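here is my input, please return the structure:
(one chain, ligands or ions: 1)
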Amino acid sequence: MSFSKTEDFIWWKHGVIYHIYPLSFFDSNADGIGDLVGINSKLDYLQNLGVDAIWLSPVYKSPMLDFGYDVENYLEIDPVFGKMEDFKELISNAHNRGIKVIMDLILNHTSDQHPWFLESKSSRSSFKRDWYIWKDPKRGGRPNNWSSALGGSAWAFDPKSSQYYLHSFLPEQPDLNWENTEMQRAFFDDIIFWLDLGVDGFRLDAINMIGKDPEFRNNPMFFGLFSNSMQWKSRNQARSYQLIKDLRKLLDLYDEKVLIGEIYALPPGNPNLAASYLNSEHNGLHLTFDFSIVFRYWSARMFHTCFEKSYSSIPLTEWACIVFSNHDLNRSFNRPFTGHHKYQKAIIKAVLQLTLKGTPFIYYGEEIGMPNSNISRKQLTDPIGKKFWPFYEGRDAARTPMQWDDSKHAGFTKGTPWLPVDKDYLTCNVEAQQLNPDSLLKVYEHLIKLRKQYPALQFGEWRPLNKGERDIWIYDRVITNETITVIINFVNKKRKLLMNAPIQGQIIFTTIKNRLSEIEGNLLFLDPYEVILIKRKAEKQIV
Ligand code: NOJ
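Sure, this is the predicted structure:
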């Protein structure tokens, strides 16, 4: 059995990417906040899990009003995370283990404490005035009706210069003006710094928001809840696509770097939009996130329809991302409408993540089934949570400290954690799951190994064998000479599965202990929530 990477292996396409929220991963110096030395010390864990790359949410110098997504200096590491030396050591240690390192890159905005903005704000005639988006009042009010993604207007008034500046997020996160080529050159110099340092690529924050309507026209208004929320004029304009081309030119000067775009679209998601930014061979992004699955109910049919739509929107030369959770979303473990039997469903999601066609992104803690925590109002730190509580409690619940063991604060820190540890850490933690052969963590480890062992799971075409009828979803992953069939029962009921043609092969993964290791025939009785992976005998195919 070999887990070595084949010649066709493209790390960002066929590997497994693990998303770390550095504030919450591991605290090495007892200040209650995760740091780079902490991440470094957990590389053995990540290697053992089998990940090929880590993506770090931002670690740049920041006032942390948006927890690092408000960058004050792109060339410095924030002291809460450590020093530049720690970062260099992390890259070197990760690379020695064959693990790539992806940074977050926030191009749409900086912090209002960034020297560029301080200069820009200093006067109307500042030489950096045009590096941000400043507008005169219109009829005594805001320049247009654009709203911030974090609530309220996207314009803040500066009494000193009597102009407004644009902020698509917090007022402390002014939007950069990507029409300004001087600013672009300066920013690209910062990017070159990280590429030269050896980072393997970037996850591009809110990249579809870079391009604004050149005339800054109003967004269309809709009646009801989502008025002004479509952001038709303030997002997805030509400039976003142009900037990506420029970025690609820069990245292509290096080997094997990746650009991954966050293309946020409102529920129910927009796979076509995410796909429109892809062009991995030439001048687009290598990967983009489409979050449609996050907005779907738990149902085999619903999942089939969602992935079918997503795959059909992606051109044949391009590749999908399989992502269920991140630092902005509710954790998928107990996301609203997940219903009962969360643990069994988490196992199914692990199977989907690692057997569907696309690059799996595992959000830290997802591999042990960390839940969204209950955070009291007093404990909230996220500015959106503070603003909209109790209607929306913000993103803190999905950002609580990693649960390493059952010691105080789940072994995350020797100090007081910046966010409380979830109360289930006594049972839901890495150490306990490492000792339990039936744990979710062991399922992840096992599936990642299988993925490496059976190239069909990494490279193969995706062929659905049904549409999720009767709560069962069946699909194949196929390459020449290898077909893996995935059969999933989505419900807590036994199910009889009658297939169109007999299936013959070896069971390589099952959630049921007493399943035989071979399978033959076209009738299968599935236990509640049962999953079976079958390596098919070459000649027979279900039609
Ligand atoms: C998307 C990031 O994922 C989110 O955490 C952040 O608040 C906004 N972009 C602004 O940077």
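
which helix or strand contains the closest residue to the ligand within the chain?
Nearest residue of the chain to the ligand, counting by CB to the nearest ligand atom: Tyr69, 3.3 Å away. Yep, even glycine has a C-beta here, placed from its N, CA and C like the rest. Under the criterion DSSP states H and E, no helix or strand holds Tyr69.

report the mean confidence score over stretch 122-134.
Mean pLDDT, stretch 122-134: 98.

again, but for stretch 475-489
Across stretch 475-489, the per-residue pLDDT values average to 96.

swap in stretch 327-346?
Mean predicted confidence for stretch 327-346 is 94.

same question for stretch 167-176.
Computed over stretch 167-176, the average pLDDT equals 97.

which helix or strand in the protein has the lowest average pLDDT?
strand 518-526 (a mean of 88; mean pLDDT, DSSP states H and E).

pull up the pairing partners for the next helix-or-strand element following that one, direction included.
Next along the chain after strand 518-526, taking DSSP H and E as the criterion, comes strand 531-536. Within its sheet, strand 531-536 is paired with strand 482-489 (antiparallel), strand 495-510 (antiparallel), according to DSSP bridges.

quick one: buried residues of the last one?
It refers to strand 495-510. Arg495, Leu497, Met499, Ile503, Gln504, Gly505, Ile507, Ile508, Phe509, Thr510 (16 or more other CB atoms under 10 Å).

would you mind listing what in the stretch 101-250 of the chain touches the ligand?
Residues of the stretch 101-250 of the chain lying close to the ligand (CB under 6 Å from any ligand atom) are Ile106, Phe169, Asp205, Ala206.

could you give the bridge partners of the first one?
What that stands for is Ile106. Asp205.

and it, how far is that from Glu172?
With the distance defined as CB to CB, to the nearest Å, Ile106 ends up 13 Å from Glu172.

which of these two has more neighbours?
Ile106 (27 against 18; other CB atoms under 10 Å).

pretty sure the more buried one is touching Val71, no?
Yes. Counting by CB atoms under 8 Å, Ile106 does reach Val71; the two are 5.6 Å apart.

can you list residues touching both of those two?
Pro58 (CB atoms under 8 Å, 6 or more residues apart in numbering).

sorry, back to before: of the residues of the stretch 101-250 of the chain next to the ligand, closest to Gln353?
Nearest to Gln353, judged by CB to CB, of these is Asp205 at 22.5 Å.

around the closest one, count how many other residues there are.
Neighbours of Asp205 using other CB under 10 Å come to 21.

for the one 3 residues further on, same thing?
Per other CB under 10 Å, the neighbour tally for Asn208 reads 25.

now it: how far from Glu262?
Counting by CB to CB, the gap from Asn208 to Glu262 is 8 Å.

likewise Lys88?
Taking CB to CB, one finds Lys88 at 26 Å from Glu262.

pick out whichever of those two has more residues nearby.
Glu262 (20 against 14).

wait, doesn't Phe490 sit right on Ile348?
Yes. Using CB under 8 Å, Phe490 is in contact with Ile348, at 6.9 Å.

spell out which residues are contacts of both of the two.
By CB under 8 Å, 6+ apart, the residues touching both Phe490 and Ile348 are Tyr529.

mind putting the strands paired with strand 531-536 in JSON lines, distance to the ligand included?
Listed next are the strands paired with strand 531-536 as JSON lines, based on distance: least, CB to the nearest ligand atom, whole Å:
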{"stretch": "strand 482-489", "distance to the ligand": "30"}
{"stretch": "strand 495-510", "distance to the ligand": "33"}
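
list the contacts of Trp404.
So, once contact is read as CB under 8 Å, 6+ apart, Trp404 ends up touching Phe26, Ala410, Gly411, Phe412, Asn429, Val430, Glu431.

and for the fifth one, the neighbour number?
Looking back up the chat, that one is Asn429. Count around Asn429 with other CB under 10 Å applied: 25.

repeat for the first one
Applying other CB under 10 Å, we find 23 other residues in the vicinity of Phe26.

got it, and the last one?
A count of neighbours around Glu431, defined by other CB under 10 Å, yields 16.

and it, that's in a strand?
No. Counting by DSSP: H, G, I helix; E, B strand; the rest coil, one finds Glu431 to be helix, located in no strand.

which residue is the nearest non-sequential neighbour of it?
Nearest residue to Glu431 in three dimensions, chain neighbours excluded: Asp405, at 4.0 Å (CB to CB, 6 or more residues apart in numbering).

quick one, phi/psi of the one you found?
The phi/psi pair for Asp405 (degrees, to the nearest 10) reads phi -150, psi -170.
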